[in-house]
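*Asks:* Sequence first, then the predicted structure:
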Amino acid sequence: VLDLGCGQGWFSRQLAAQGAQVVGVDVSRLQLTNALRHEEEHSLGITNIEADATRTAELWEPATFDLVTACMVPQDLPDAAAVLAASRRVLTFDGRFLFSISHPVTDAPFRQWERDAEDRPQALRIDRYYESGPRVVHWNMARLTAHWDTPAWNRTLSEWSDLFLESDFVVRQLTEPIPTAAQVEQDERLEPARRIPFLLIFELVPTTK
Ligand SMILES: C[S@@+](CC[C@H](N)C(=O)[O-])C[C@H]1O[C@@H](n2cnc3c(N)ncnc32)[C@H](O)[C@@H]1O
């Protein structure tokens, strides 16, 4: 498995714990330092490589991997087309590219919660869905002990669909994960996700040999 944008390696480790042979790639040395520390503390045989996901096809032979994953990564990439093309190249024909993104509809450039008297989120107001392109995400929520900015790239669902077509992929399955009632009981901040989708998972498969 090739895990693109592996970050600190949480998802890579979930895969490796289930028996996958995992290579994690990330462009951030700092993130990889943490992934390597986890691997040192409790080895699951994961290889971590500092590289740009757009360069994947230069690092491995065609058809090297059965599965390419990118957990919450492609929405941050200016050149998602290059990552899709490179992933297609290193995948076997019967392989899969599985990735998650923040949901393009509810993660629109304008989003604002209408709240009740107890400050509980009621309805999400969204706008400017069709404004594609770069934006800055401000991680300034009160629950965070530090605040920072990250780059992101808005794409509509139609634009994602066009990118898949251009890179010789077809959608096998599209999933909008919903937390269980038990998960909401454990963390009430998940409650709105029982009503509207915040994440989107694509399972892509190659169209041609
Ligand atoms: C939201 S984090 C997700 C991390 C991890 N997949 C997870 O689910 O815990 C996005 C990651 O993508 C990485 N990233 C962003 N652009 C990248 C690129 N062009 N090539 C490789 N990694 C990239 C970032 O450094 C960051 O670690």
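*Replies:* Great, that's in hand. Numbering: from 1, shown residues only.
*Asks:* From here on, just use CA atoms for contacts and neighbour counts.
*Replies:* Will do.
*Asks:* For residue 1, see how far away the residue of the chain most remote from its centre is.
*Replies:* Relative to the centre of the chain, the most outlying C-alpha is that of residue 117, 34.2 Å out, by C-alpha atoms, centre = their mean. Distance of residue 117 to residue 1, computed by C-alpha to C-alpha, to the nearest Å: 48 Å.
*Asks:* got a list of what the closest residue to residue 127 other than its chain neighbours touches?
*Replies:* Leaving aside its sequence neighbours, residue 127 sits nearest to residue 110 (C-alpha to C-alpha, 6 or more residues apart in numbering; 5.0 Å). Residue 110 makes contact with 125, 126, 127, 128, 129, according to C-alpha atoms under 8 Å, 6 or more residues apart in numbering.
*Asks:* ok, how many other residues are close to the last one?
*Replies:* Summarising burial for residue 129: neighbours were counted as other C-alpha atoms under 10 Å, giving 18.
*Asks:* and it, that one's in a helix?
*Replies:* No. If the criterion is DSSP: H, G, I helix; E, B strand; the rest coil, then residue 129 is coil and not within a helix.
*Asks:* tell me the contacts of it?
*Replies:* Here residue 129 is in contact with 104, 105, 108, 109, 110, 156 (C-alpha under 8 Å, 6+ apart).
*Asks:* Which of those lies at the shortest distance from the ligand?
*Replies:* Ranked by distance to the ligand (C-alpha to the nearest ligand atom), the contacts of residue 129 are led by residue 104 at 15.0 Å.
*Asks:* Would you mind naming the helix or strand containing residue 172?
*Replies:* Element membership for residue 172, per DSSP states H and E: strand 169-175.
*Asks:* Residue 112 is in contact with residue 124, isn't it?
*Replies:* Yes. Between residue 112 and residue 124 there is a contact at 5.8 Å, judged by C-alpha atoms under 8 Å.
*Asks:* mind listing the helices for the chain?
*Replies:* All helices of the chain, identified by DSSP state H, fall at 10-17, 29-41, 56-59, 80-90, 157-166, 181-186.
*Asks:* Could you dump the ones you listed into TSV and include distance to residue 172?
*Replies:* As requested, these are exported to TSV (distance: least, C-alpha to C-alpha, whole Å):
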stretch	distance to residue 172
helix 10-17	20
helix 29-41	30
helix 56-59	23
helix 80-90	14
helix 157-166	11
helix 181-186	27
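*Asks:* and among those, the most buried is which?
*Replies:* The highest average neighbour count among the helices of the chain, using mean count of other C-alpha atoms under 10 Å, belongs to helix 80-90 at a mean of 22.
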